[in-house]
Each structure stands twice: as structure tokens, then as C-alpha cells.
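**Q** requesting a structural model of the entry that follows:
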Amino acid sequence: MVLNALDITTAQPVPCISKDEILLTKNLKSSVAFQTVALSANSISTVSIDCRQFKTITLYGVSTANNLVNISYSDDNITFFNTNKKLNIFTINSVDTFELTIDHIPNYIKFFNDNGSSITLTLEYVLYN
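**A** Have a look, this model is predicted:
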């Protein structure tokens, strides 16, 4: 398929876009199931999620306690900063669960427990571009 434009001098059709010239990007998707994230009291996780090729992440899973867990971010996987995003853990049928979707994600994500007691997350996530 070729889209044509008219040459302003000759008034002849001139190809301007060919289907061969259109760059298509593949839709990337990555998922991880049942990753355990142990968080001591007032500490950041050792588990880091590499999000460099993606734009959106959906986090979900279960928790051993109904605590708020902060999402921390980094551009270099060395220095992490807390965000205003939190895993809000809610109880469904006596099970502490969470689900959070974040758009325009940073390069790396970790979890920060600013609670005085330890917590363990059984985490699953899906990354999309």
C-alpha cells in the first residue's frame, strides 16, 4: 500500500508513505508469578523489578499482614526514592490481598515497609509497553 501526495510543481502523484516504511513496534508483555518479597520492619526490599522496557505494571498478590507498603523507584537501581503510590492491602474472606496498576513507571521498583512489623508479600506482576 502506498499513500500519494501531489507534487506542487508537476501536479503528478508522488509516493509519500509506503507500508514498507512504516515501523511497527511489537507489544511487549512480561509476567512473573509467585515471587516472595520479605520486608523487615522499616526497611526496603532486596527484590527489585526491572521495568526499563515497559510503561505500565500491574502488581497483585497476597500479604501476611494488612499493612500499607510504599512503592520506591529508581532510575539506576542504586538510589531509591519513596513515591506516593502504596500497596493498599485489603482483606477479602480473611485473606489480605492487594492490586495496583501504575502507568508511566520508572526504570526500577522496590517495596518499602514503613511499619514497625515485618511483612511478606507473595507478589505477581504483569509489565506492558
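**Q** give the residue spans of the protein that score low on pLDDT.
**A** Counting by pLDDT under 70, the chain contains low-confidence ranges at 1-8, 14-27.
**Q** show me where it has its helices.
**A** For the chain, applying DSSP state H gives no helices.
**Q** which parts of it are strands?
**A** For the chain, the strands defined by DSSP state E cover 2-6, 13-18, 29-39, 43-44, 49-50, 56-63, 69-74, 81-87, 90-92, 95-103, 108-113, 119-128.
**Q** as a markdown table, those strands with mean neighbour count would be great.
**A** Just so you know, the C-beta spots here come from the backbone N, C-alpha and C atoms, and that holds for glycine as well. What follows is these, written out as a markdown table (neighbours: other CB atoms under 10 Å):
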| stretch | mean neighbour count |
| --- | --- |
| strand 2-6 | 11 |
| strand 13-18 | 11 |
| strand 29-39 | 13 |
| strand 43-44 | 15 |
| strand 49-50 | 18 |
| strand 56-63 | 18 |
| strand 69-74 | 20 |
| strand 81-87 | 14 |
| strand 90-92 | 10 |
| strand 95-103 | 14 |
| strand 108-113 | 22 |
| strand 119-128 | 19 |
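**Q** where's the residue nearest to Tyr125 when sequence neighbours are not counted relative to Gln12, distance?
**A** Once flanking residues are discounted, Tyr125 sits nearest to Leu59: 4.8 Å by CB to CB, 6 or more residues apart in numbering. Separation of Leu59 from Gln12 (CB to CB, to the nearest Å) stands at 56 Å.
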